[in-house]
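Peer 1: kindly return the folded structure for what I paste below:
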Amino acid sequence: MVKVRLVIASFNLENYLSQAVHILKKYALQEALVESHFAIDAIDLKISDSDSSVLSKLSKYQVVCFSVYLWNSEKIASIVGKLKGSRTIVLGGPEITNNLEYYKGLKAFTGCIFITGGGGEAFAEALSDLVAGKTRDVYGSSPVDGALPVVYGSADFLRHSAAHVRSRGEKVKLIFSTSTGCVYRCAYCTWGGKKLVFFPDKYVHGELRSLLRNPHISLLYIADSDMCMNKARAVSILRTLNRYSRRSAAEFIYMEFNPASLNEDVVELLERNDKIIGSFGLQTSDQGVMRGISRHVDLEKYRRSISLFRKTGKPLCFDIILGLPGDTTETFLGTLDFALSLGASYLNIFPLYVLPGSELHRRARELGLRYSPEPPYKLRSSASMSSLKDMEKISVWLQIILCFESVTKELNSIPARRRIDVYVKFIRFLLRDRSLASLRMSLDYRDQTDISRFYTAKFESRLLKKLEKFSVSMLGPRVPSPGG
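Peer 2: Numbers count the residues shown, from 1 in each chain. So this is what the prediction gives:
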């Protein structure tokens, strides 16, 4: 019998690889009926690949499956619209789980099979039904359905990543999770309040050992909502990371930190591993804005936790959202100033995305939020912040400036009531230069690669020359020291 050709495809950001498509393949092939009927491939595609290039790779398959994320949903809709016909299209992933009705309503996705939840068992069931000729349009029932992963295996991923390095010429970045779900209920998020499921210790430690031995991985991104929530478990995982990362080819291990989950044991283990970096989710420091998005942060406890983290000697990075409901120019600048007062080395400033399925999406009209109807649903205007575009420009430049220690050291030496005011004045000074003001920049995640092109010694030198003139305008000419 000639097997039906099926592909599980993942559109990834630049140089990232997905384990998910390969784990799904392994899940499916555990079913004897599926294994005997389908010839299954799992492939990684780049979000920047042209539609014609993608279509040529997928044209030989009768069944095409995609994992839909916020950053690739537009691309997949475009491809599916051109692929349909006699093919069967299967869609799963976080966006389908959280916003099923929205995606079922898209014209491009009419007639597709949708997989919700973790996907493993539901995916295998859908393929078995395809063989029997009795499919339905939705499989899976809850966000943790089938979520427990199977071990992909060191040999499998070693071959997979080696092939990527040969074809792309660069080492890979990998997203890995030790759990799924999130106990927080932030109004801007679609994952809030989902049951937190810890993956088995045997799986987590086995995969980490395997991945850290892989010579083709440059960055390991641990994508848990709060890996340190269970502190005893976090200590165990950090010990494995510390043991196996010393000789690992991976340059960095990135994770998100929650100050409330830090303690002396966790901080001590972080201090021992120079490769672990990460960021703290701040979003806003204004209590009124926090209440509007169902976040509750005690800022004094937050400060104390950050002071504890400083013992690690690691750079401090904070995640901040621009355009939250109720946020004004002053409250937003106050958040930036709070982060600077904590000693921020870097900032990740994101625009608000009004995600279908989130509380903010349901209340958008009431809250005065206007946003793009297309993914990623970026905020266009807010009733509480008339200066949204101006603050976006300030935010982009602030992120760039903070990457140059020589520039920030000089700016921090200028007396000011609020540190952020000096930075804002310097940015406005820079933007008087037409060649700088005309540069295309935005906070959209798709432009982050463009922003990184400024992280050069040449651009640093240019900023320092501008800063010298700015300092004179702020402080007056410097008086030479006697005999100088």
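Peer 1: check whether residue 237 really touches residue 177, as I assumed.
Peer 2: No: at 11.6 Å, residue 237 does not count as touching residue 177 under the criterion of CB atoms under 8 Å. Any C-beta I mention is one placed from the backbone N, CA and C, and that applies to glycine too.
Peer 1: where in the stretch 101-250 of the chain is pLDDT low?
Peer 2: The model of the stretch 101-250 of the chain has pLDDT under 70 over residues 118-119, 141-161, 163-168.
Peer 1: helices along that one, start to end?
Peer 2: For the stretch 101-250 of the chain, the helices defined by DSSP state H, counting those that start in this stretch occupy 120-132, 154-168, 201-213, 231-245.
Peer 1: buried sites along the first one?
Peer 2: Using 16 or more other CB atoms under 10 Å as the burial criterion, the residues of helix 120-132 that qualify are 120, 121, 122, 123, 124, 125, 126, 127, 128, 130.
Peer 1: before we move on, back to that, and the helices of the stretch 101-250 of the chain, which is most packed in?
Peer 2: helix 120-132 (a mean of 20; mean count of other CB atoms under 10 Å).
Peer 1: against which helices or strands is it packed?
Peer 2: helix 20-29, helix 32-37, strand 88-92, strand 113-115, strand 138-139 (3 or more CB pairs under 8 Å, 6 or more residues apart in numbering; DSSP states H and E).
Peer 1: quick one: strands adjacent to the fourth one?
Peer 2: Which is strand 113-115. Sheet pairing of strand 113-115 (DSSP bridges) gives strand 88-92 (parallel), strand 138-139 (parallel).
Peer 1: now for these, which one comes closest to residue 282?
Peer 2: Residue 282 lies closest to strand 88-92 among the strands paired with strand 113-115, at 31.9 Å (CB to CB).
Peer 1: next structured bit after that closest one?
Peer 2: Per DSSP states H and E, the first helix or strand lying C-terminal to strand 88-92 is helix 94-98.
Peer 1: quick one: mean pLDDT for that next one?
Peer 2: For helix 94-98, the per-residue pLDDT values average out at 83.
Peer 1: what's in contact with the lengthiest helix in the chain?
Peer 2: Counting residues, the longest helix found in the chain (DSSP state H) is helix 457-475. Here helix 457-475 makes contact (CB atoms under 8 Å, 6 or more residues apart in numbering) with 401, 404, 406-407, 410-411, 414, 422, 425-426, 429-430, 433, 478.
Peer 1: report the secondary structure state of residue 70.
Peer 2: coil (DSSP: H, G, I helix; E, B strand; the rest coil).
Peer 1: what ranges does the stretch 251-400 of the chain have for its helices?
Peer 2: Under DSSP H, counting those that start in this stretch, the stretch 251-400 of the chain gives helices at 264-271, 287-292, 299-309, 329-341, 359-362, 364-367, 388-401.
Peer 1: rewinding a little: what's the closest of the buried residues of helix 120-132 to residue 299?
Peer 2: Closest approach between the buried residues of helix 120-132 and residue 299, by CB to CB: residue 120, at 41.1 Å.
Peer 1: now the closest one: how far from residue 29?
Peer 2: To residue 29, residue 120 is 12 Å away according to CB to CB, to the nearest Å.
Peer 1: one more: residue 79?
Peer 2: 25 Å.
Peer 1: pLDDT weak spots in the stretch 351-484 of the chain?
Peer 2: In the stretch 351-484 of the chain (pLDDT under 70), the answer is 444-450, 477-484.
Peer 1: confirm residue 5 sits in a strand?
Peer 2: Yes: counting by three-state DSSP, residue 5 falls inside a strand.
Peer 1: what's the neighbour count on it?
Peer 2: Residue 5 has 14 neighbours, counted by other CB atoms under 10 Å.
Peer 1: give me the number of residues near residue 29?
Peer 2: With other CB under 10 Å as criterion, residue 29 counts 15.
Peer 1: from residue 176, how far off is the closest residue to it other than its chain neighbours?
Peer 2: In this structure, residue 29 finds its nearest non-sequential neighbour in residue 35, 4.8 Å apart by CB to CB, 6 or more residues apart in numbering. Noted for residue 35: a distance of 26 Å to residue 176, by CB to CB.
Peer 1: and residue 90, what is it in contact with?
Peer 2: Per CB under 8 Å, 6+ apart, neighbours of residue 90: 63, 64, 65, 66, 112, 113, 114, 115, 123, 126.
Peer 1: just the buried members of those?
Peer 2: Taking 16+ other CB under 10 Å as the criterion, what is buried in the contacts of residue 90 is 63, 64, 65, 66, 112, 113, 114, 115, 123, 126.
Peer 1: from the residues you listed, which is closest to residue 172?
Peer 2: residue 66 (20.0 Å).
Peer 1: residues in contact with the closest residue to that closest one other than its chain neighbours?
Peer 2: In this structure, residue 66 finds its nearest non-sequential neighbour in residue 76, 4.9 Å apart by CB to CB, 6+ apart. By CB under 8 Å, 6+ apart, the residues touching residue 76 are 11, 66, 68, 91.
Peer 1: among the residues you listed, which one lies nearest to residue 285?
Peer 2: Taking CB to CB as the measure, residue 285 sits nearest to residue 68 out of those, at 33.5 Å.
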